[in-house]
Each structure stands twice: as C-alpha cells, then as structure tokens.
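1. return a 3D structure for these sequence lines:
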Amino acid sequence: MAALTAAVAATLAALLPGAPAAAETKQRQWTGTWATAQHASYDPGTSEVTVRIPVRVSAGGSSVRIRLTNGFTTEPVTIGHATVGRGDGGSAVTKPYEVRFDGKDEVTIAAGEQAVSDAVRIPVPARGDLVVSLYFPGRLTHISQHWMGLQTVYWTADGGGDHASDADGDAFTRTDSAFPFLTGVDVQGGDAAGAVVALGDSITDGASSTANANRRWPDYLAARLSGCSTTAGVLNEGISGNRITAGTDGNPSALDRLERDVLSQPNARTVVLFEGVNDLSWGGATGDQVIDGMKEIARRVHARGLRLIGATVVPYRGWGDWWTEAKEADRQKVNAFVRDSGGVFDGYADFDKAVRDPDDPTHYAAAFDSGDHLHPNDTGMKAFADAIDLPGLRVARDCPSTRVRLTPYRPSLQAGGKGTKITATLTNDGRSPATDVRTRLDLPAGWSAEPAGGARIRTLAPGESATTTWTVTPASDAEWGTRPLGVRSSYRQGGRPRFDTDEVDATVTPVPSGVKAPYLTTATTDDAQYAQNGDQFAIWAGGQDLSGWKDEKAAVYVPGAASASGSVTARVVGQTGSGPSAKAGIAVANDLTAPEKGGYAVLTMSAQYGLEFLTDSDGDGRLDTWAGGGSSYHPAWLRLVRDGATYTAYASADGTAWQQVAAATVPSASGDGDVGMVASAVNLNYPGQITTAVFDSFSATQ
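-> Residues are numbered from 1 along each chain as shown. The predicted structure follows:
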C-alpha cells in the first residue's frame, strides 16, 4: 500500500503543471518566452529567399529553441537553414547560432504540422532581443503567418539565397510586418517557474500600439514581472477580430484554438482571458452566450491544472456604429460575471475600470484612447498591465507592490519655452509599508527639473499614494519630436531593497523663431510662421487648398538649388492641428514666390489621404495634374527627381526602400529653379485651421 501511494503521488506530481519543480528539474524544463498565433496564409510568389524575424522575449535562459508551424496551408514547406542570435539593431545579429532539427540543418513541415528545434546554447536575458533567420530553398509556394506583427520583419530579395548566417543585415532589403511560420520561442535554464498566456483579440495583439516598440499590454506585463525575484514567460496569443462564440476559416474562435494556442504552451501556468468585445459589438452574440463560452474555457483550462484570470470587456461606444444601449447592457452583464464569477475564474483584471471615462463609462477616457474608441494607445496598454494582480498569477515570486507612474501620459514641452509640470504618483498595493522611498527623473542631457517638493518619502503605508511634481524644461536647442522621459523609484519593503520604473513619451514642440540663411520663406497666406533648429524645420500654415483653383501655402526654400538634372529630398516627421486633407512636402518651381513663372511641382503626404503628386502642365502657376493616393504614414521620406522638364516622384517609409509615385512632364521648367518645404492646411471646409508641419531632413543634389 505504501508503495502504491508513493507511485500515485509521483504520477500526480508529474501531471499537474502547478506543482513546484525541484531546481534540477526546472533547469531542464522548457518555458515559453515568446509566442504568436497563426491564422492566415498567402502565396508570396518568390524563390530562394531568407527571412529574418526579430522578437522580444519575456523570460530569460541559457538555451533556446524555436517552434515553427505550417498551420494554414495545404502544402509542405522546407526550411533549408535556420539560425538564432542576439539582435544588434534592425536586421543585424551579434552572432548567429546554427539551429538544427533532430540534428539536421533542414526540416520539412507537412501542412498543418509543426517542427520544434533542438536546443541552442545561447544566453538570453529576460526581455532581451532575439533574431530568428529562416532560409527557404527553391520556390516558396506559401507562407503561413500571423499578419499583425507590429514588428518589422526583413526579407532578402527574390533569388537572394541563403543569408541565415549573416551577421550584418545588408542582404535584407525588403520588409514586412507579419510573422511567417515562427510561432514560439522557448527558454531553458532560467529562473522562470512558468508562463502566462494572454488569450485575446486585436487589443491583445497590439492594434494601435507603437510598432517596433513592444508596447502591447502583454509586453508591459512582462516588464512588470521582470521586477520580481523570479521572472515568468508571457505569451501573446491575440488575433485581430477573434471571438469566443464563433470563428472563421482564417480566425478560429477562442474555444476552437484553445488547445493549440494555450493549453499546449510549454510550462503554461496561468491564462488571462481578454475577449468578448467582438462577440458583443459586431458578432451578434448575447451576454449569456459570451458567459457560457467563458465557462467552457474555464472548464477546459482548469481540467489541465492551469489558473484562469478573467478580464472585463472594455467600453467601445464611438467605435463605428456598433454600440447600442442593449449591447451596453450585455457588456455590463458580462463584466458583472467576470468580477463575481462564483469560482469560474481564479481572479480577474478590471480592464474596463482601468481605461473607462469616469464621467461616461461607455467611452474610453481620452488619455487611453488611440482615437478609434476601441483600441487603447500605448498608455492604455500600460493601464491594462497595471490592472493585473501579479501575485494572483502565481507564476513569479516576491514581486514589487509599490508602483510609480508618470503623468501626464504624453506631456508636451516647448524647446526654449516655459517648463511643464510632470508628476510621479507612487502607490503601495502591498501588505507591508514601503520605507525610504526615493524618486528621481531620468532626463535627456541638457534638460532641467525643479521639484515642487521633496522627492523622498520616509514611509508609504499599504493602500496609500503619494506624489512628487517637477517642473521640467528642455534644453533651448533640444531636438523637436518624441523623447523618452523616465522615472525610477527605489524603496525597501519586506526587508529588501526594491525598485519600480515608468516611462512616458514627451514631445518637444517647436516655437516660431524664423529661419537662417541660405533658407528663405514665402507664403500666400497671412498666418504663416516658421522655425528652424539645426536640420529641423517647422511651418505653421493656413490656406484653403494647394491645387487647382487655389495656391495657398507657406514654404521654406532655397533659391536656385534645383538644377536641370538633380533631386530634392525631405522627411516629413508629422503634421498636426488640421483637417484630413492638409498637405506637407516638397516643392519645385522656376520661382517659388511666383509659380506662374513655370516649372511648378509639389509632392506631399496628406494628413489622411496618402501621397499627392501635383504638377502645373501649362505654366499658368496652378497645379492641375494629380497622382498618388494610398494610406498616409509619418514619418515620410519624399523625393522629386528632375531631368530637364520631367519630374519623377518617389516616397519611402524608411529612406532606404523607395517606391515611384509617378512621373510627369512640366514643359515650363527651365534653368535652375527654387526648391523647398511646403505646407497647406487645406482648410476650405475647416475655416481658420492651421497645420503645423515638421521636417527633420532636407537636401538638394545636382
């Protein structure tokens, strides 16, 4: 009987993922540190190519392995060579390590199947950057992918060959933002006791967060967990448009993909379920149907020994025409269940409370809204992560409980202007007091901060908050644009030194100040102003239009810099304070102060309607031809190339890969013309509006 009891106990210990492992066993156990969910495929029409995929891991370790999936195709795929290495910026890798599959360099993955690599001995720090490279020999007939990567993925040109072992990224000349084939990275040999799986929709996927910045809410959760004495893996299994109650061929429901994306994750211990808004808004589901789906997910999660944390459904009034009073009642019903589920959930995170407008709970608070009234901005993503009780996840030990957060969330400061008040709020969510609390700002060089009070607090009791306010002034020559502004708080709690940090994007805005030689200004509106800060330029302009019947604009230009064979290039950082048709870009003319003298052409990026290439075909000073369109993006590189009377327009998102917009003949172009930067508010339907256009690069070459 004693032997039987011991055998049963040993079997249960092996089967239950929540059982703590011995240190030696934990060193051998794989833990998921990065993941994504495949849900689509396409034919790339390419051959002999290599892809390079940067990923930010959550937990660290001494060895890694990768998981590849050919999930949404009907044909096998062959990877002829794979490597992994620490990221060195962009597509560069510090040292690529060979990845093998059952000891072989090549692996063929059947349709619907996956392949797991052998272990690769490479030290990976928590929240470190890895780059996975995959070479595809022969014709690549399809790509199985997760399309919303929010991360630049690099490809070689068609026929580029095997560059998986390259340390530099010179061969990777094409970019994309989808994750192909790679669905997981696991670590071994670290201190992670398990992984948290975030099961969600587009909000979890990171929609509207800053690309290439790892600012999805699971990324912020990983950052919080990194302050614990042991870390944990955080796996993002969000898919845009995902629902609990129904799915499609390219987007299986949360229930249908639960085994694949959640329960099969290595060393998964806890699941955070954040779904339901798509079901309730456009999916046609009732509150009861969403609750029934949550109960079924809970049953299956608990049957595998995992914990389940429910997240309340966020407000979405103003997102299209989906909101109604009846649907709001269903949302409140679901949220009431999540907050008091009677044991269905092991805990909950009140995401709704974290971002809703206290004066109108059916809307997002403005500070957290990306602008579409459904998806949060970066600050809203951080608010979600802050709403999660770390001890309740049961995946990390000894986590800090005193947090520091900066406000305003997106402070605006003027270069050379008056200071702006920045406040740090410290909150003790723990059960013991925090003592000797010290807080400091991390400022860019040359900036100053004057505290309104002491930055040291002797004791912060459980449940208490305290604030420290500084008046922050940028350097007079501070570059315009977004700069990180950080805060660090150190304290003692439970007899141990602890710390917490926060960071906000502070925007330095220009102040009108004029321009310096050789630059001149010209305007056909009365409200134009200008500023220059080294290689940066700003134009404040009104104007009803910049094409056809109107030519109302403001410009900063260099006379005679447009030779008969040359180019002009500028980067438009952004434009604010105006309607959707506002334009900012580059202009060429025989004489920009008198466009009727001929040679007039303009290439702009509009605020919302994409590229616009405008030319004067008959020399009367009016822009009467048009080409362009597409989506607007900022920053935007713009280039006009002149060859006699022919102008060719190009645009680029990164200044490296250029696309031709169009070419046009301007018969009146002659001699060396003027070149410059131009802006117009196009405010015919928005009377009185002024656009502020900022440029940070301008050059003219012969």
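
2. make it CA atoms for all contacts and neighbour counts henceforth
-> Will do.

3. isn't there a helix covering Asp352?
-> Yes - with DSSP: H, G, I helix; E, B strand; the rest coil as the criterion, Asp352 is part of a helix.

4. pretty sure it contacts Arg331?
-> No - between Asp352 and Arg331 there is no contact under Cα atoms under 8 Å: 10.1 Å.

5. now for these two: what residues contact both?
-> Listed as contacting both Asp352 and Arg331 by Cα atoms under 8 Å, 6 or more residues apart in numbering are Val313.

6. more neighbours, these two?
-> Taking other Cα atoms under 10 Å, Asp352 and Arg331 do not tie; Arg331 has more neighbours (26 against 21).

7. measure that one to Gly276 for me?
-> Noted for Arg331: a distance of 8 Å to Gly276, by Cα to Cα, to the nearest Å.

8. which residues are in contact with each of those two?
-> Common contacts of Arg331 and Gly276 (Cα under 8 Å, 6+ apart): Val313.

9. assign a three-state SS to Pro400, would you?
-> Going by three-state DSSP: Pro400 is coil.

10. for it, what are its contacts?
-> Shown in contact with Pro400 (Cα under 8 Å, 6+ apart): Gly227, Cys228, Arg498, Phe499, Asp500.

11. now do Ala232
-> Applying Cα under 8 Å, 6+ apart, we find Ala232 in contact with 33, 58-59, 191-196, 222, 225-226, 395-396.

12. which of these fall within helices?
-> Ala222, Leu225 (DSSP state H).

13. count of neighbours near Arg431?
-> Close neighbours of Arg431, defined as other Cα under 10 Å, add up to 12.

14. verify the stated contact: it with Leu460.
-> No - using Cα under 8 Å as the test, Arg431 is too far from Leu460 to be in contact (11.1 Å).

15. for stretch 480-494, buried residues please.
-> Neighbour counts over stretch 480-494 (16 or more other Cα atoms under 10 Å) mark Trp480, Gly481, Thr482, Leu485, Gly486, Val487, Arg488, Ser489, Ser490, Tyr491, Arg492, Gln493 as buried.

16. contacts for that stretch?
-> Contacting residues not belonging to stretch 480-494 are listed as 404-406, 415, 424, 432-444, 497-510, 536 [Cα under 8 Å, 6+ apart].

17. repeat for stretch 215-226
-> Contact with stretch 215-226 is made by 58-59, 126-127, 198, 203-206, 209, 231-236, 378, 381-382, 384-386, 390, 396, 399, as judged by Cα under 8 Å, 6+ apart.

18. for the chain, which segments count as helices?
-> All helices of the chain, identified by DSSP H, fall at 2-15, 23-28, 202-205, 217-225, 258, 277-281, 287-303, 325-339, 351-355, 378-386, 390-393.

19. wait, which of the ones you listed is closest to Gly585?
-> Nearest of the helices of the chain to Gly585, taken as Cα to Cα: helix 378-386 at 28.2 Å.

20. could you give me the buried positions within stretch 331-339?
-> In terms of neighbour count (16+ other Cα under 10 Å), stretch 331-339 has its buried residues at Arg331, Gln332, Lys333, Val334, Asn335, Phe337, Val338, Arg339.

21. average pLDDT for that stretch, rounded please.
-> For stretch 331-339, mean pLDDT is 98.

22. list of residues touching stretch 460-475?
-> Residues outside stretch 460-475 that contact it (Cα under 8 Å, 6+ apart) are 413-435, 437, 445-455, 508.

23. how deep is Trp322 tucked in, by neighbour count?
-> Residues near Trp322, counting by other Cα under 10 Å, number 14.

24. just checking, it touches Trp282?
-> Yes - if you go by Cα under 8 Å, Trp322 and Trp282 touch, sitting 6.1 Å apart.

25. nearest spatial neighbour of Leu684, skipping sequence neighbours?
-> Among residues not flanking Leu684 along the chain, Gln544 sits closest, at 4.4 Å (Cα to Cα, 6 or more residues apart in numbering).

26. for the one you found, phi and psi?
-> Per-residue torsions, Gln544: phi -80, psi -30 (degrees, to the nearest 10).

27. looking at it, Thr141 is touching Gly45, isn't it?
-> Yes - assessed by Cα under 8 Å, Thr141 is found in contact with Gly45 at 6.7 Å.

28. so between those two, which is more surrounded?
-> Comparing Thr141 with Gly45 by other Cα under 10 Å, the one with more neighbours is Thr141, at 15 against 11.

29. list the contacts of that one.
-> Asp43, Pro44, Gly45, Thr46, Val77.

30. same deal with Pro137?
-> Pro137 makes contact with Ser47, Glu48, Val49, Thr78, Ile79, Gly80, Gly161, Asp162 under the criterion Cα under 8 Å, 6+ apart.

31. mind putting those in CSV, neighbour count, pLDDT and distance to Tyr97 included?
-> Below are the contacts of Pro137 laid out as CSV (neighbours: other Cα atoms under 10 Å; pLDDT from 0 to 100; distance: Cα to Cα, whole Å):
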residue, neighbour count, pLDDT, distance to Tyr97
Ser47, 17, 97, 24
Glu48, 18, 98, 21
Val49, 23, 98, 19
Thr78, 18, 97, 19
Ile79, 17, 98, 16
Gly80, 19, 98, 15
Gly161, 17, 98, 18
Asp162, 21, 98, 15
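
32. what's the farthest-apart pair in those?
-> Thr78 and Gly161 (14.0 Å).
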